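Asker: sequence-free structure coming up:
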C-alpha cells in the first residue's frame, strides 16, 4: 500500500474546460490538504497514472519530479490525457542524461536570463532551449530539450556555485519560449521548497514513525493544514510561525483557525 498526495492547480475536473489552451502546470501535492490514498502500489512511479486519471488535463502542462521521467508516463500524458509535459532528466535516466549533455548547447541562441536575490544569496538562471525532433532522442513525443543552469553567490561568504539540470518537453518553440520553460521549471522547484522541504524540516515527516492504517495520510493532512494556515496569516517562515504559536499553545492555534 502507498498513499500519494494530489492537487490540481488550474487543472479542471472532468466535464469542465481548462481556461486556456496551455495551462500553467499540474503538480502533485501543492495545495490540496487531503492526500489521495492509493492501494497496493509498490512505489510512487506506479501511482502516477492513477493520481492524474480523474482530471481533465487537455492542454495542461504537467511537471513532475525526475523520478517520474518515464517513457510510459510521457505516453500516458500525451496519448490518453492530451496534455503537455516538462520532465527533468537526472541520473535515474543515465543514457538519456548523457544524450542531453552531448547536445550542441554552445551553439544555442534561444536562451533566457533571469536574475534575483533572496535567502542570503544572489542567483542567475540561464535557460537554453533546443529543438530535438530530428536528433534521435529516445523519449516519446519530445520536441524540445532544456538546459537550465543556476549560478549562485552566497552574499555572506562570497562562495559561488553552479548547478545544471536538463529537461524535456513536448511543447514546441511556438508554444513555449525559454522564458516560459524557465518559469515552469522554477514553479516545480517552488513546490518542492515550499511544501515537501518544509514538511520534512519543520515537521520531521521523513522520520515519522506513523505508518499504519490511515495514520500517514491523516498526519499529512494536518501538516498541510498547519502550513496553509500559517501562510494565510502572513508567516513567510513556517519555522518562525510554529515558534510564535508555541509561545501561547492553548490560544494562538485556535485564534489562527478562528475557533473561539
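Answerer: That came in fine, so what should we check first? All values reported here derive from a predicted model rather than from experimental measurement.

Asker: now the helices for the stretch 51-200 of the chain?
Answerer: 71-75, 94-101, 178-191, 197-203 (DSSP state H, counting those that start in this stretch).

Asker: would you confirm that residue 146 contacts residue 164?
Answerer: No: using CB atoms under 8 Å, residue 146 is not in contact with residue 164, being 10.6 Å away. Using the backbone N, CA and C atoms, a C-beta is placed for each residue, glycine as well.

Asker: got any ranges where the stretch 101-250 of the chain has weak pLDDT?
Answerer: The stretch 101-250 of the chain contains residues with pLDDT under 70 at 119, 188-197.

Asker: which one of the helices of the stretch 51-200 of the chain lies nearest to residue 134?
Answerer: Each of these has some distance to residue 134 by CB to CB; the shortest is helix 94-101, at 13.7 Å.

Asker: which one's more surrounded, residue 146 and residue 164?
Answerer: More neighbours surround residue 146 than the other of residue 146 and residue 164, with 24 against 12 (other CB atoms under 10 Å).

Asker: excluding chain neighbours, what is closest to the more buried one?
Answerer: Among residues not flanking residue 146 along the chain, residue 167 sits closest, at 4.3 Å (CB to CB, 6 or more residues apart in numbering).

Asker: so what's the residue count around the one you found?
Answerer: When neighbours are counted by other CB under 10 Å, residue 167 comes out with 26.

Asker: can you check residue 230 too?
Answerer: Neighbour count of residue 230, defined by other CB under 10 Å: 22.

Asker: before we move on, which element is it in?
Answerer: Taking DSSP states H and E as the criterion, residue 230 maps to helix 215-232.

Asker: make sure residue 142 is actually in contact with residue 132.
Answerer: Yes: using CB under 8 Å, residue 142 is in contact with residue 132, at 5.8 Å.

Asker: how near is the nearest residue to residue 76 once chain neighbours are set aside to residue 177?
Answerer: Of all residues not flanking residue 76 in the chain, residue 49 sits nearest, at 5.2 Å (CB to CB, 6+ apart). For residue 49, the distance to residue 177 equals 30 Å [CB to CB, to the nearest Å].
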